[in-house]
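Colleague: Sequence and predicted structure below; questions after.
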Amino acid sequence: MSRVEIADAELVSSAVRGDRAAFELLVDRFSGRVLGMALRMLGDRADAEDVTQEVFVTAWCGLSALTEPAAVRTWLFRVAHRQCLAVLRSRAGRRTDPAAELPDWGATPVGAGVVPRDPERSAEALAALEALWRALRGLPSAQRAVWLLAELDGLSYAEIADALGTTEESVRGRLARARHQLAATMRAWR
């Protein structure tokens with residue numbers, strides 16, 4: 001059976017029985033998404049990698065308590081969200097220059113070997129991304145988390161509610177407020 005054919009629930013069951021290869025498949029399957037979520041929430045690669053590692057340590061120790069093995073993806077996002085909130089709370093005491101928290105958007109295209117065809121358009125796109133990042137950082141953490149899970153990770157309202165330990169109605173409200181605030185903030189970039 002190939003890696004893709006193995007259901008999440010089957011991997012969880014095998015991992016709970018101590019099958020390290022099954023757990024490694026779970027890590028391979030979800031670590032990129034968990035890292036991406038953490039990176040978007042935290043804006044710092046080192047912190048995001050630490051959170052990702054903690055999520056899978058927690059998973060290894062806590063998979064047996066998972067009542068719905070098929071919901072492992074949502075559970076992992078919930079653990080990641082809680083870990084990210086802990087990091088954000090620990091940062092709250094350390095005020096820094098907000099611009100210092102921005103990721104180095106400019107390094108990605110150059111590092112990837114992409115040569116911009118139009119430097120002016122590239123500069124505008126970079127400025128818009130930085131503005132979006134600042135706007136996201138300005139959202140309350142609950143709204144930011146909902147927006148990221150919906151817009152970037154593609155989770156449904158039910159999955160987001162489960163991941164964040166809230167109701168679908170709360171998710172809808174937070175997402176609507178986040179979208180409204182982001183649209184108002186980004187109006188100049190239209």
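Modeller: Nice, thanks for sending it over.

Colleague: Now do the helices in this structure.
Modeller: Along the chain, counting by DSSP state H, helices occupy 8-16, 20-42, 45-62, 72-92, 107-111, 119-138, 141-147, 157-164, 168-185.

Colleague: What is the longest one packed up against?
Modeller: It refers to helix 20-42. Packing partners of helix 20-42 (3 or more Cβ pairs under 8 Å, 6 or more residues apart in numbering; DSSP states H and E): helix 8-16, helix 45-62, helix 72-92, helix 141-147. Backbone N, C-alpha and C define where each C-beta goes, glycine included.

Colleague: Averaged pLDDT, the shortest one. What do you get?
Modeller: It stands for helix 141-147. Mean per-residue pLDDT for helix 141-147: 88.

Colleague: Give me the contacts around that helix.
Modeller: 41, 81, 84-85, 88, 136-137, 139, 160, 164, 171, 174-175, 177-179, 181-182 (Cβ atoms under 8 Å, 6 or more residues apart in numbering).

Colleague: again, only this time at 10 Å
Modeller: Under the contact criterion Cβ atoms under 10 Å, 6 or more residues apart in numbering, helix 141-147 has outside partners 37, 40-41, 77, 80-81, 84-85, 88-89, 135-140, 155, 157, 160-161, 163-164, 166, 170-182.
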